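1. what's the 3D shape of this:
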Amino acid sequence: SVLIDMGAKTEAIIPKSEFPENLISELKVGDRIRVFVSNTSFNGGMPRVSYKRALDMTNWSFVKDKKNANEPVFVKIVKQTKGGFIAELNSLQVFMPSSQADIKPVKDPLSVLGADVEVLIIEADKSKNNVVVSRRKILENQRQQRKKEILEKLKTGDVVSGRVSSIEKYGAFIDIGGID
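-> Numbering: from 1, shown residues only. Below you'll find the predicted structure:
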């Protein structure tokens, strides 16, 4: 167990099982941590507190703020599932559907495992413990920005180099710096 000094001559005990293994090995006497007080008088006058619950509240507040502000976050892709990938955002597990992993379908799903990627939170439901993220939206936004920058530089009569990206019956598509 971990003994917490709550101030005002009050202490609380948190079982080690509430902490991730990597954190429990790093904790030192005097470290400050956040806890959630769930009961002020329990077990002979000791308050009942929870590290996990405080962490959960902090993480969900972070998710809500980032989603509402439409701000990107970084996640680590840790597992492949039937419909996509599981990633870690702080200590929350989030889901990234395969369709949201890239602009084009991911040919080798194992190649993205372990990657730290920038994503947008597109769904967050605390009651269902469900967060859905999209890397595709980030990539599309970057592509749009590049397209805008390239089109602003191009002028009628300019001669530029490009790469043939596809040929159709009605003509060819030329990639000019990331735009067709």
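
2. Give me the neighbour count for the residue lying closest to Q80 once chain neighbours are set aside.
-> Nearest residue to Q80, sequence neighbours excluded (CB to CB, 6 or more residues apart in numbering): P109, at 5.0 Å. Every residue, glycine included, has its C-beta placed from N, CA and C. By the criterion of other CB atoms under 10 Å, P109 has 15 neighbours.

3. pretty sure P109 contacts I86?
-> No: assessed by CB atoms under 8 Å, P109 is found out of contact with I86, at 11.9 Å.

4. Quickly list what's touching both of these two.
-> Here P109 and I86 share the contacting residues Q80, scored by CB atoms under 8 Å, 6 or more residues apart in numbering.

5. so where is this protein shaky, pLDDT-wise?
-> Applying pLDDT under 70 to the chain flags the ranges 41-44, 178, 180.

6. quick one: the helices in it?
-> Secondary structure of the chain, counting by DSSP state H: helices at 21-26, 51-69, 136-153.

7. Grab the CA positions of the longest one and hand them over as CSV.
-> To tie it back to what came earlier, the one meant is helix 51-69. Extracted in CSV, the C-alpha atoms of helix 51-69 (Å, rounded to 0.1, in the frame of the first residue of the first chain):
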residue,chain,number,x,y,z
TYR,A,51,-5.5,7.4,-7.5
LYS,A,52,-7.2,5.6,-10.4
ARG,A,53,-10.4,7.7,-10.2
ALA,A,54,-8.4,10.9,-10.0
LEU,A,55,-6.4,9.8,-13.1
ASP,A,56,-9.6,8.8,-14.9
MET,A,57,-11.2,12.2,-14.2
THR,A,58,-8.1,14.1,-15.4
ASN,A,59,-7.9,12.0,-18.6
TRP,A,60,-11.6,12.5,-19.4
SER,A,61,-11.3,16.2,-18.8
PHE,A,62,-8.3,16.3,-21.2
VAL,A,63,-10.2,14.3,-23.8
LYS,A,64,-13.3,16.5,-23.6
ASP,A,65,-11.2,19.7,-23.8
LYS,A,66,-9.2,18.5,-26.8
LYS,A,67,-12.3,17.2,-28.6
ASN,A,68,-14.2,20.5,-28.0
ALA,A,69,-11.2,22.6,-29.2
